[in-house]
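sequence first, predicted coordinates after that:
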Amino acid sequence: MSEEKLSQQRFRRNLYKYVNGEFLSRQDTLVSIVAPSTPFRRHARRICRQYKETSYASPNEISSDHVKIEAYQGKNSHVLQMMEFLSDLKDDLVGAYLHGSLGTYEEVLFSDFDALVIVKDEVFETPERLARVAHKINSAQGIMFDFDPLQHHGWVVLTEADLKSYPEDQFPRELFRHAKSLFPHHGREFKICSQDSPRNVQQGFENLSQSAAKLITRSKSVKNLYELKILLSQFMLLPSLYVEMRDGKGIYKKFSFEAARVDFNLEDWSIMDDVSSIRDKWSYEISPGWRRMITKPTRYSRFFARTYSPAVPREIKETLTDDFYRRMSHLIALMSGKGR
């Protein structure tokens, strides 16, 4: 991988941590309790400097795509709340987009609040502006976590410059075809220029499969629904990365299961169907007071959600046998072998 690509990758990783609050030190975390925006102001100058030091020259051989996105027209109260909350950021963002099952109006109890923001280049010209925008987007996570208290990720974050050298491995452009704009009249059309990066896609698949495999080896220590959801979510994301690696182009997660299934026999693939069926049994109850505690966009709140989330219901726990996990590991190994 070129130094330019590595530089972009490092910056995207740092920007993700910054916007989603994962950059906070212990001192920052304590300060944020009484002054939530202060840590964002404290680190904004560093992020702006890193942005200016990152090279975004367009690749010589590129493919371009004109993207048109419909505005969200559903009635989910959390999505509508998010649209209202972000409305004053339209001058700072190329756009904000909802994807996944919420974006296709197919949400179930297992659904996450999957969303992406694309930050305008001009935001990085002024640390004060970046801090304001980042703190606002970070605060919006409270709406995500209220929708799904067990959600284990925040925003996908890209910059306007990324559209000129698009990171397909970070957010395949195919996902935009099934996304919805969180701004009714803003950011619904733009152009993407990219260069295929099969090595990056393969690395992403390998990282995810290794992470899922490690969670499976520690399956006996899965104490609650938060930890179980991480494992199941990672496992069910593997088919889309596998197909993307196989075919050289992104695929929407919903369609990836049938596309990947053809490469495996019925017995080996059946564990993916069994894992997917757990979504139909997914349910839990949280008291209003505890819900308020674990849905705030703070590190302490997420710690409590991760550590003290509801126990795995008996109906689901009975299916999580040693053979269940063995079959998961076996399919991961098969996908990894075919993906090389």
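Cool, the structure landed. Numbers count the residues shown, from 1 in each chain.

how about the nearest residue to G250 once chain neighbours are set aside, phi and psi?
Nearest-residue entry for G250: P172, 2.4 Å, with adjacent residues in sequence omitted and distances by CB to CB, 6 or more residues apart in numbering. (C-beta placed from N, C-alpha, C; glycine too.) Backbone torsions of P172, given as degrees, to the nearest 10, read phi -50, psi 140.

V312 too?
Dihedral angles (degrees, to the nearest 10) for V312: phi -70, psi 120.

what's the answer for V157, then?
For V157, the backbone dihedrals are phi -130, psi 120 (criterion: degrees, to the nearest 10).

can you map out the helices along the stretch 1-150 of the chain?
3-19, 26-34, 38-53, 77-86, 100-103, 127-139, 141-147 (DSSP state H, counting those that start in this stretch).

burial measure for the residue nearest to G250, as a count.
Counted with other CB atoms under 10 Å, residues neighbouring P172 total 21.

need the contact list for it.
For P172, the contacting residues are 244, 249-251, by CB atoms under 8 Å, 6 or more residues apart in numbering.

gap between the residue nearest to W269 when sequence neighbours are not counted and G337?
Leaving out its chain neighbours, the residue that sits closest to W269 by CB to CB, 6+ apart is R261, at 5.3 Å. According to CB to CB, to the nearest Å, R261 stands 16 Å off from G337.

who has more neighbours, those two?
The neighbour comparison of R261 against G337 (other CB under 10 Å) goes to R261, with 16 against 8.

would you mark the buried spots in the longest helix anywhere in the chain?
Longest helix in the chain, counting residues (DSSP state H): helix 225-247. Applying a neighbour-count criterion of 16 or more other CB atoms under 10 Å, one finds 225-246 buried in helix 225-247.

that helix - contacts with which helices or strands?
In terms of contacts (3 or more CB pairs under 8 Å, 6 or more residues apart in numbering; DSSP states H and E), helix 225-247 is packed against helix 198-217, helix 253-261, helix 266-281, helix 299-307, helix 322-339.

at 6 Å instead, please
If you count contacts as 3 or more CB pairs under 6 Å, 6 or more residues apart in numbering; DSSP states H and E, helix 225-247 packs onto helix 198-217, helix 253-261, helix 322-339.

can those helices go into a markdown table with extra columns for distance to Q50?
Below are the helices and strands packed on helix 225-247 laid out as a markdown table (distance: least, CB to CB, whole Å):
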| stretch | distance to Q50 |
| --- | --- |
| helix 198-217 | 20 |
| helix 253-261 | 31 |
| helix 322-339 | 32 |
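
make a markdown table out of those helices and add mean pLDDT and distance to V31.
Converted to a markdown table, these look like this (pLDDT from 0 to 100; distance: least, CB to CB, whole Å):
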| stretch | mean pLDDT | distance to V31 |
| --- | --- | --- |
| helix 198-217 | 84 | 31 |
| helix 253-261 | 95 | 38 |
| helix 322-339 | 92 | 41 |
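
closest to T159 out of those helices?
helix 198-217 (17.2 Å; CB to CB).

hmm, who's touching that closest one?
Residues outside helix 198-217 that contact it (CB atoms under 6 Å, 6 or more residues apart in numbering) are 169, 231, 234-235, 241, 244-245, 325, 328-329, 332, 336, 339.
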